[in-house]
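Asker: can't give you the sequence, but here's the structure:
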C-alpha cells in the first residue's frame with residue numbers, strides 16, 4: 001500500500017476508534033451522571049409542579065375551600081385596576097432603587113478600606129460580615145423595631161442633645177426609611193464579594209498610573225471600577241432580585257398590616273395578604289406571576305445594559 005493510500009485509511013481507522021471510545025465513555029458515564037443529577041431532578045419536580053399550578057390558578061377564582069373556577073384574564077384586569085397595587089409597587093420600587101445602590105456603595109467603600117492591608121483584616125471582615133450572616137430574620141427585625149421605637153434607643157440618644165425623635169415605626173414619613181436603613185446595615189455579603197474582586201486587580205496598573213501622575217480618584221475611576229465591573233454587576237443583579245421580593249422586613253415591622261398609611265406595604269406583603277389572609281388564591285397567583293415577569297424583565301434589562309459598562313478580561 002502506497003503512502004498516499006495508507007494515510008486516508010489510517011485516518012479513518014483512528015476516527016472510528018475515537019468514536020467507539022466516545023460511545024463507550026458516554027454510555028458508561030450516563031447512568032452515573034443521572035445518579036448525581038437525581039437530587040436536583042427531584043428538587044426540580046417539587047418546584048415545577050407548584051409553578052405550573054400557580055399559573056393555572058392565576059386564571060381562576062379559588063379560595064382554598066371551593067373548587068377553582070376558570071375566569072380567564074379577570075384576575076389580571078383586576079390587578080391593573082387595584083389602587084393598592086400601585087401603592088405597593090411604588091413602595092417596593094422606592095425601597096429597591098434607594099436600598100440597593102446605597103448598600104452597594106457602603107459595601108464597596110468598606111471593601112476599599114479593608115483592601116488597603118490593615119492589621120487584623122480577618123477580624124474586621126468578620127465584624128462587617130456578621131450582620132449579613134444573621135440576615136433580616138424575624139428576631140433582627142423585631143430588635144430593630146424596638147431600637148427605633150418611640151421610646152427606643154435612638155430617640156433616647158437624640159434626647160440627650162435636646163432633639164425629639166420622630167416615630168420611626170409609626171410615622172409614614174420615616175417607616176420606609178427605617179427599613180431601608182436595616183437593609184443597608186446588612187451589606188456584609190456584598191462587601192466580601194467586592195473585597196475578593198479587589199484582590200484580583202493587578203497592582204502593576206496602579207504603579208503605572210502613579211508614574212503617570214494619576215490621582216487616587218482617577219485610578220479608582222479608570223482602573224478599579226472597570227476591572228471590578230463584573231463583581232459590581234453580580235451584586236447589582238442579586239441585590240435587585242432580593243429587594244423586589246422583600247417580605248420579612250415589611251411583615252414583621254408592620255405586623256402584617258403594611259404600616260402606617262401603607263408606607264411599608266411591599267408588593268410581596270400585599271400578595272401575602274390576598275393569598276393567606278383573604279384566601280383569594282387566584283388573585284394572589286396572578287400577582288405572583290406579574291412579579292415574576294417584572295423581575296425577569298429587570299434582570300434581562302441588566303444583562304442588556306451590562307454590555308455597555310461591564311468589562312471582562314477577554
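Answerer: Received, thanks. What you see is a predicted model, and the numbers here were worked out from it, not measured in a lab.

Asker: Identify each buried residue in the strand or helix carrying residue 174, please.
Answerer: Here residue 174, judged by DSSP states H and E, is contained in helix 172-185. Within helix 172-185, the residues that count as buried by 16 or more other C-beta atoms under 10 Å are 174-180, 182-185. In short, each C-beta sits where N, CA and C put it, glycine included.

Asker: now stretch 270-283
Answerer: In stretch 270-283, counting by 16+ other C-beta under 10 Å, buried: 270-275, 280-283.

Asker: So the protein: which segments form each domain?
Answerer: Following automatic domain parsing, one finds the domains of the chain at 3-57, 74-309.

Asker: end-to-end on the longest one?
Answerer: Pointing back at domain 74-309 there. 42 Å (C-alpha to C-alpha, to the nearest Å).

Asker: for the record, mean pLDDT for it?
Answerer: The average pLDDT within domain 74-309 is 88.

Asker: Over to the shortest one?
Answerer: Model confidence over domain 3-57 averages 67 on the pLDDT scale.

Asker: Pick out whichever of the buried residues of helix 172-185 sits closest to residue 249.
Answerer: residue 179 (5.1 Å; C-beta to C-beta).

Asker: Residue 190 reaches residue 242, doesn't it?
Answerer: No - if you go by C-beta atoms under 8 Å, residue 190 and residue 242 don't touch, sitting 10.5 Å apart.

Asker: need the helices for the stretch 1-150 of the chain, in chain order.
Answerer: Along the stretch 1-150 of the chain, counting by DSSP state H, counting those that start in this stretch, helices occupy 3-57, 74-81, 83-114, 121-134, 138-147.

Asker: Comparing those, which stretch has the densest surroundings?
Answerer: helix 83-114 (a mean of 18; mean count of other C-beta atoms under 10 Å).

Asker: tell me the angle it makes with helix 121-134.
Answerer: Angle, helix 83-114 to helix 121-134, by axes from the mean of the first three to the mean of the last three C-alpha atoms, to 10 degrees: 170 degrees.

Asker: can you give me the angle helix 83-114 makes with helix 74-81?
Answerer: Between the axes of helix 83-114 and helix 74-81, defined by the same axes, to 10 degrees, the angle is 70 degrees.

Asker: Report all helices and strands that helix 83-114 contacts.
Answerer: With contacts defined as 3 or more C-beta pairs under 8 Å, 6 or more residues apart in numbering; DSSP states H and E, helix 83-114 has these neighbours: helix 121-134, helix 172-185, helix 188-199, helix 229-244, helix 267-272.

Asker: Dump those helices to JSON lines, plus distance to residue 53.
Answerer: Converted to JSON lines, the helices and strands packed on helix 83-114 look like this (distance: least, C-beta to C-beta, whole Å):
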{"stretch": "helix 121-134", "distance to residue 53": "33"}
{"stretch": "helix 172-185", "distance to residue 53": "32"}
{"stretch": "helix 188-199", "distance to residue 53": "32"}
{"stretch": "helix 229-244", "distance to residue 53": "23"}
{"stretch": "helix 267-272", "distance to residue 53": "16"}
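
Asker: Compare those and report which one is nearest to residue 44.
Answerer: Taking C-beta to C-beta, helix 229-244 is the member of the helices and strands packed on helix 83-114 nearest to residue 44, at 19.4 Å.

Asker: re the thing from before, ok, so of the buried residues of stretch 270-283, who is nearest residue 235?
Answerer: After measuring the buried residues of stretch 270-283 against residue 235 - C-beta to C-beta - the closest member comes out as residue 271, at 25.9 Å.

Asker: show me the contacts for that closest one.
Answerer: Residue 271 makes contacts with 284, 287-288, 291, as judged by C-beta atoms under 8 Å, 6 or more residues apart in numbering.

Asker: Of these, which belong to helices?
Answerer: 284, 287-288, 291 (DSSP state H).

Asker: most neighbours, which of the residues you listed?
Answerer: Highest neighbour count within those, by other C-beta atoms under 10 Å: residue 287, with 26 neighbours.

Asker: Excluding residues flanking it in the chain, which one is nearest that residue?
Answerer: residue 271 (4.6 Å; C-beta to C-beta, 6 or more residues apart in numbering).
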